[in-house]
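Asks: what shape does this take:
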Amino acid sequence: MFKKSDTPAVAGGKISNILGPDTSYKGTLKSDGNVRVDGAFEGLIETAGNVVIGPSAKVLADIVASSVQVWGAVRGNITAQGRLEILSTGRVWGDVKVTSMLIDEGGMFRGQCLMAAENVEPPTLPGLHAQEGLASGTETEAKPGELMAPSVVTPAEPAEGLTPSAGTSAEQTETPTAGTEMPAKPMQATTPVSAPRSRRKATSPSEDKGAL
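Replies: Here you go, the predicted model:
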């Protein structure tokens, strides 16, 4: 392992813009060269070169540069076409969008990091694709808030000569064919009512005439 230097150094040329440790600035800084900040800065830093945030720097700004090296404290979003380095004394609060990123031991980063790269799809398991590609006709689960269409059940056709009636299954009801007499329905049994017997003795018609 190579030991890093305790002093900030920027690869890619000399530093053309320096904000000293006893200097504070608020606004927008645009440059085509390398920028180094050792004081207090608030606003926006935008350059085509590299940016170095010194150990004593306190930056509350968004940074857009080719590469960024942080030794001090930065609160803001960082966009770099190249590399972002957070050294052992560096502190970054914000979202970063870079090609590569290095955080040294002791460095701190809080935020979201988006690594710029080619369109690479995440790996998937083959079993998941097999389940998604099931044949049509298989029941599927309804998504939240989506109603499932009710399944249609086709009734079985009755056999020839059988016509189902209401409340009666097709197997128990028979339809008579032409020329066949319908069996008479049995009459309902009724309780016989017996007439009261007369106490008078039955007499023949001849006796009744004689009595007259």
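
Asks: who touches residue 75 in this structure?
Replies: Applying CB atoms under 8 Å, 6 or more residues apart in numbering, we find residue 75 in contact with 59-60, 92-94. In short, each C-beta sits where N, CA and C put it, glycine included.

Asks: ok, 10 Å please
Replies: Contact criterion CB atoms under 10 Å, 6 or more residues apart in numbering gives 42, 58-62, 91-94, 110-111 as the residues in contact with residue 75.

Asks: what about burial for these, which qualify?
Replies: By the neighbour-count criterion of 16 or more other CB atoms under 10 Å, those include these buried positions: 58-59, 61-62, 91-92, 94.

Asks: pLDDT and distance to residue 17 for those residues - can I get that in a markdown table?
Replies: Below are these laid out as a markdown table (pLDDT from 0 to 100; distance: CB to CB, whole Å):
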| residue | pLDDT | distance to residue 17 |
| --- | --- | --- |
| 58 | 96 | 18 |
| 59 | 97 | 14 |
| 61 | 96 | 14 |
| 62 | 96 | 17 |
| 91 | 97 | 22 |
| 92 | 97 | 21 |
| 94 | 96 | 22 |
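
Asks: one step back: which one of the contacts of residue 75 is nearest residue 28?
Replies: residue 61 (8.8 Å; CB to CB).

Asks: which neighbouring elements make contact with the helix or strand harbouring the closest one?
Replies: Secondary structure assigned from DSSP states H and E places residue 61 in strand 58-65. Applying 3 or more CB pairs under 10 Å, 6 or more residues apart in numbering; DSSP states H and E, one finds that strand 58-65 makes contact with strand 24-31, strand 34-37, strand 40-47, strand 50-53, strand 73-75, strand 78-80, strand 91-93.

Asks: out of those strands, deepest packed?
Replies: Per-residue neighbour counts averaged over each of the helices and strands packed on strand 58-65 give the maximum for strand 50-53, namely a mean of 26 (mean count of other CB atoms under 10 Å).

Asks: list the contacts for residue 59?
Replies: By CB under 10 Å, 6+ apart, the contact set of residue 59 is 19, 37, 39-43, 45, 51, 53, 70, 72-76, 92.

Asks: now do the helices in the chain.
Replies: For the chain, helices defined by DSSP state H occupy the ranges 126-132, 205-211.

Asks: quick check: which ranges of the protein have low pLDDT?
Replies: Counting by pLDDT under 70, the chain has low-confidence residues at 1-13, 117-120, 127-212.

Asks: hmm, 80 instead?
Replies: 1-13, 116-123, 125-212 (pLDDT under 80).

Asks: thanks a lot, see you next time.
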